[in-house]
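Trainee: this one's sequence-less:
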């Protein structure tokens, strides 16, 4: 037997489908916001940390070399300094 869907039931199904589409689009928007928040956070935290790996040895040299020169010892590179400390 073949029965027709009640018009009221069909209308409710269409309404539920529209709500499901809205919920899906809202979830996708939140997902995109979270993704870009993560990317920006990584860029603002991890990239400066990588830069500090190169900047800190230069700052150490800038402060240690004048002290060594004033003390009458030969200025050394940061690598030599770290090696002498056993690091």
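Mentor: In hand now; what should we look at? This one's a predicted model, so the numbers in the text were calculated from it and none came from an experiment.

Trainee: When you work out contacts or count neighbours from here on, use the C-alpha atoms and nothing else.
Mentor: OK.

Trainee: In this structure, which helix is the longest?
Mentor: Using DSSP state H, we find that the single longest helix of the chain is helix 7-71.

Trainee: what's the offset of that helix from the middle of its chain?
Mentor: 4 Å (Cα atoms, centre = their mean, to the nearest Å).

Trainee: Report the next helix or strand after that helix in sequence order.
Mentor: helix 78-84 (DSSP states H and E).

Trainee: helices or strands next to that following helix in the packing?
Mentor: helix 7-71 (3 or more Cα pairs under 8 Å, 6 or more residues apart in numbering; DSSP states H and E).

Trainee: which stretches of this protein aren't confidently modelled?
Mentor: Applying pLDDT under 70 to the chain picks out residues 1-4, 74-78, 81, 86-87.

Trainee: could you redo the last one with a cut-off of 80?
Mentor: 1-5, 61, 64-87 (pLDDT under 80).

Trainee: Dead centre of it: give me the residue that sits there.
Mentor: The centroid of the chain falls nearest to residue 42 when counting by Cα atoms, centre = their mean (1.6 Å).

Trainee: any idea how far that residue is from residue 50?
Mentor: Going from residue 42 to residue 50 by Cα to Cα, to the nearest Å gives 11 Å.

Trainee: cool, and residue 15?
Mentor: In terms of Cα to Cα, residue 15 sits 52 Å off from residue 50.

Trainee: what do you get for residue 56?
Mentor: Counting by Cα to Cα, the gap from residue 56 to residue 50 is 10 Å.

Trainee: do residue 35 as well
Mentor: For residue 35, the distance to residue 50 - Cα to Cα - is 22 Å.
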